[in-house]
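> okay, predicted coordinates and the sequence, questions at the end:
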Amino acid sequence: VQLVESGGGLVQPGGSLRLSCAASGFTFSSYGMSWYRQAPGKERERVAHISSVGGSTNYADSVKGRFTISRDNAKNTVYLQMNSLKPEDTAVYYCYARSYYSGDAYWGQGTQVTVSS
């Protein structure tokens, strides 16, 4: 099983980034997918979630209206489009997969997002 995040980097406040998470080794379309983030000295928090077929999404209040989660089950990939980025969005962003049926869950290795001028 692998979850490989990409797309992180350094961006100025107000800028945009799109994170990708490529999944392999499990039945991607049967898993709910989430993005979490962890800033230095803070607990990991869930940023966004999307259901297995993409019909349902939800977001942390801090990112509503700025971030959009989506998935392409044909490509086994989940995305996080991040717009209007703020310095407080700086964190390591992690991809997370969890099966509704078995409870099996997997984490990616994380990708750093830094928002700074």
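Alright, I've got the coordinates. Residues are numbered from 1 along each chain as shown.
> contacts and neighbour counts: CA atoms only from here.
Will do.
> in this protein, which spans are helices?
Taking DSSP state H, the chain contains no helices at all.
> excluding chain neighbours, give the residue nearest to the most centrally placed residue in it in space.
Centrality entry for the chain: nearest residue to the mean C-alpha point is Trp35, 2.7 Å, by Cα atoms, centre = their mean. Distances taken as Cα to Cα, 6 or more residues apart in numbering put Cys95 closest to Trp35, at 4.8 Å, once the chain neighbours are dropped.
> wait, what's in contact with Lys75?
Ala22 (Cα atoms under 8 Å, 6 or more residues apart in numbering).
> ok, it to Tyr96 distance?
16 Å (Cα to Cα, to the nearest Å).
> repeat that for Pro13.
From Pro13 to Tyr96 the distance is 26 Å (Cα to Cα).
> list the contacts of the residue nearest to Trp35.
Per Cα under 8 Å, 6+ apart, neighbours of Cys95: 3-5, 21, 33-36, 107-110.
> need the distance between the two termini of stretch 95-104.
14 Å.
> what do you get for stretch 6-24?
15 Å.
> likewise stretch 24-43?
Start-to-end, stretch 24-43 (Cα to Cα) is 27 Å.
> pull out the buried residues from the contacts of Cys95.
Buried subset of the contacts of Cys95 (neighbour count, 16 or more other Cα atoms under 10 Å): 3-5, 21, 33-36, 107-108, 110.
> more neighbours: which of Pro13 and Tyr96?
Tyr96 (23 against 17; other Cα atoms under 10 Å).
> hmm, the more buried one is touching Asp104, no?
No - taking Cα atoms under 8 Å as the definition, Tyr96 is not a contact partner of Asp104, at 10.7 Å.
> and stretch 89-102, how far out from the chain's middle?
The chain centre lies 6 Å from the centre of stretch 89-102; the measure is Cα atoms, centre = their mean, to the nearest Å.
> list the buried ones in that stretch?
Buried-residue list, stretch 89-102, by 16+ other Cα under 10 Å: 89-99.
> could you give me the average pLDDT of it?
Mean pLDDT, computed over stretch 89-102, is 95.
> over to stretch 8-28?
97.
> please state the offset of it from the chain centre?
With Cα atoms, centre = their mean, you get 6 Å for stretch 8-28.
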